[in-house]
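**Q** A structural model of the following input is requested.
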Amino acid sequence: MSRSVRLVPAVAAAALVLALTACDDEGAPDTSGAQARDASGAPGVGDPYFPKAGNGGYDVSHYGLTLAYTPDGNRLTGTAVVTARATEDLAAFDLDLAGMKVEEVTVGGDTAEFRRDGQELIVRPPGALSDGETFEVRVRYSGSPRTITDPDGSKEGWLRTADGALALGEPTGSMAWFPGNHHPSDKASYDIAVTVPKGLTAVSNGELRSARTVADGRTTFAWHTAEPMASYVATLAIGRYTVTRSTAEGGLPVYVAVDPSQVTASRKVLARLPEVMEWAENNFGHYPFSSTGAIVDRPEDAEYALETQNRPFYPGAPDTATLVHETAHQWFGDSVTPKSWQDMWLNESLATYAEWLWTEDEGGATAEETFTELYDHGEDEYEDLWAFPPAKPTSAAHVSDTPVYQRGAMVIHRIRQTVGEDTFYDIVQGWAAAHRHGSADTDDFTAFVEEQAPDEDFDEIWADWLYGEGKPARP
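**A** Model (predicted):
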């Protein structure tokens, strides 16, 4: 993200014993055939800020989404095919899905019992699943997807626009439009096919495999994402876009979709995307994905930019700093994804520091000057700069506040000051390579830094800058 944003409060923990039978989103469950919920996967992964996010007992490898959307009436119909591997014996398991009416669930092709409990879709397959078993769950659903309001008042999930809709998912908004294991620690590949009315375009992550006309002039757009992706950076944008397809240096496909009202304003900055990509590769290592691009919508369609994988989203024409920030996230946040939302500073500190590096390389303020200015006068611009340490936000509502971004970037600079230029870039590029397409946490990062510079003492940086309360002493 490029600003302070948002997160969905956790729903209270589920009861240990639940009646498991089919019911719709609003009605009471049919309790015939209810069974004790023994050997069930947990209804959350225990994230310190969003304990109901994600689910225990299985690991997803692929999402296959077949969707159809009609803007008039905000009507979405979908079939989600989730391929996963059980990580324990399972008599039942949960998927995250907020709203929507579930019409049918099958596991391995056989009808499964299901019920709803808040954001949990609780599924009991006809036969228990064994630890290590690969299984396929198919969910057929429909309805009007929800917009989710976060504790800080910002919006995510499914956002209606003037000519369509926009799906943004950080941190848990993707559960508004498809069922899944919605936590960054579980990444998967995706195939997303979306049918929309004539004249509209559906843009998602990865590469466009086909766009074909179906009944009544409607068009189905099929997108494929081969590299692992956390659901919070999955996106779907539906509207009347001006689409540009090109090829960057090295043959990398570039797909850019811009709302017609933003084409002129965004042309100059988007023309710098190949330059920014080359710069980022020089600084952070080989680009981790098989395509790049951008989605630019109207400023009123969303309140923030977001690092949606392959194709960052921008509310209106971005400035160059925002383009750099969201591009850097492709390495830090999208490829190397946090294990929990407490580790979000790993995303935002490095993306913010990328802005500092870009400014330095463009002949502006050096990163050292930016650091010093922030230390001496940062409170003038960011009154909450020292409100909490980057690795210990005070609550879910503050996971993306200023300390995570700016003070987090100061932690990165303190590392650079300590180890010197050569080792610093070994650390940054090595971190991106070591955890490519994986998930990592703060302990992983601090251990990695110490391994790359074994002769240096980082105790003061970790204790005072990363975890310490208040303004650290001047370095």
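**Q** Just name the shakiest helix or strand of the protein by mean pLDDT.
**A** Every helix and strand of the chain was ranked by mean pLDDT, DSSP states H and E. The lowest is strand 147-149, at a mean of 92.
**Q** for the stretch 1-150 of the chain, what spans make up the strands?
**A** Remark: strands assigned in the stretch 1-150 of the chain by DSSP state E, counting those that start in this stretch are 58-70, 75-86, 93-96, 101-107, 110-111, 113-117, 120-124, 134-143, 147-149.
**Q** what's next to whichever helix or strand comes after the least confident helix or strand of the chain, contact-wise?
**A** Remark: after strand 147-149, the chain's next helix or strand is strand 155-160, criterion DSSP states H and E. If you take C-beta atoms under 8 Å, 6 or more residues apart in numbering as the criterion, strand 155-160 is touched by 6, 8, 71, 74, 76, 98, 145-150, 165-170, 172-177, 301-303. Placement of C-beta: from N, CA and C, glycine included.
**Q** Can you say which of these are buried?
**A** Neighbour counting over the contacts of strand 155-160 (16 or more other C-beta atoms under 10 Å) leaves 6, 8, 71, 76, 98, 145-148, 150, 165-170, 172-177, 301-303 as the buried ones.
**Q** From the residues you listed, which land in helices?
**A** If you go by DSSP state H, the buried ones among the contacts of strand 155-160 have nothing in helices.
**Q** still on that earlier bit, out of the strands of the stretch 1-150 of the chain, which is closest to Ala447?
**A** When those are compared for distance to Ala447 using C-beta to C-beta, the nearest one is strand 58-70, at 23.7 Å.
**Q** and the closest one, which strands flank it?
**A** strand 75-86 (antiparallel), strand 188-196 (parallel) (DSSP bridges).
**Q** Backbone dihedrals for Ala463, both of them.
**A** Reported as degrees, to the nearest 10, the phi and psi values for Ala463 are phi -70, psi -40.
**Q** what about it, distance to Leu306?
**A** With distances taken as C-beta to C-beta, to the nearest Å, Ala463 is found 32 Å from Leu306.
**Q** Neighbour count: those two, which is higher?
**A** Between Ala463 and Leu306, counting by other C-beta atoms under 10 Å, Leu306 is the more crowded of the two (27 against 12).
**Q** give me phi/psi at the more buried one?
**A** Torsion angles at Leu306 (phi, psi; degrees, to the nearest 10) stand at phi -150, psi 140.
**Q** Check the one 3 residues further on too.
**A** Note on Gln309: backbone dihedrals following degrees, to the nearest 10 are phi -60, psi 140.
**Q** Over to Arg414?
**A** In terms of degrees, to the nearest 10, the main-chain angles of Arg414 are phi -60, psi -40.
**Q** How much space separates it from Glu369?
**A** 15 Å.
**Q** same thing with Val105?
**A** The gap separating Val105 from Glu369 is 57 Å, by C-beta to C-beta.
**Q** Have a look at those two and say which one is more surrounded.
**A** More crowded of Val105 and Glu369, by other C-beta under 10 Å: Val105, with 23 against 13.
**Q** what's across from that one in the sheet?
**A** Per DSSP bridges, the residues bridged to Val105 are Val139.
**Q** Ala237 now?
**A** For Ala237, the beta-bridge partners are Leu166, Val203 (DSSP bridges).
**Q** Name all residues that make contact with Val411.
**A** Applying C-beta under 8 Å, 6+ apart, we find Val411 in contact with 345, 349, 390, 461, 465-466.
**Q** Determine which two of those residues are furthest apart.
**A** Maximum pairwise distance in the contacts of Val411, criterion C-beta to C-beta, is 13.2 Å, between Trp345 and Ile461.
**Q** more neighbours, the two?
**A** Trp345 (28 against 23).
**Q** Doesn't the more buried one belong to a strand?
**A** No: under the criterion used here (DSSP: H, G, I helix; E, B strand; the rest coil), Trp345 is helix, not part of a strand.
**Q** residues contacting it?
**A** 390-391, 404, 408, 411, 442.
**Q** mind checking pLDDT for it?
**A** Looking at Trp345, its pLDDT is 98.
**Q** And what about Gly408, helix, strand or coil?
**A** What three-state DSSP gives for Gly408 is helix.
**Q** Now it: closest residue in space, sequence neighbours ignored.
**A** In this structure, Gly408 finds its nearest non-sequential neighbour in Ser349, 2.9 Å apart by C-beta to C-beta, 6 or more residues apart in numbering.
**Q** now the helices: where do they sit in the protein?
**A** 263-270, 273-284, 320-328, 344-361, 367-381, 402, 408-419, 421-434, 442-452, 459-460.
**Q** can you pull the buried residues of the longest one?
**A** With burial defined by 16+ other C-beta under 10 Å, the residues of helix 344-361 counted as buried are 344-359.
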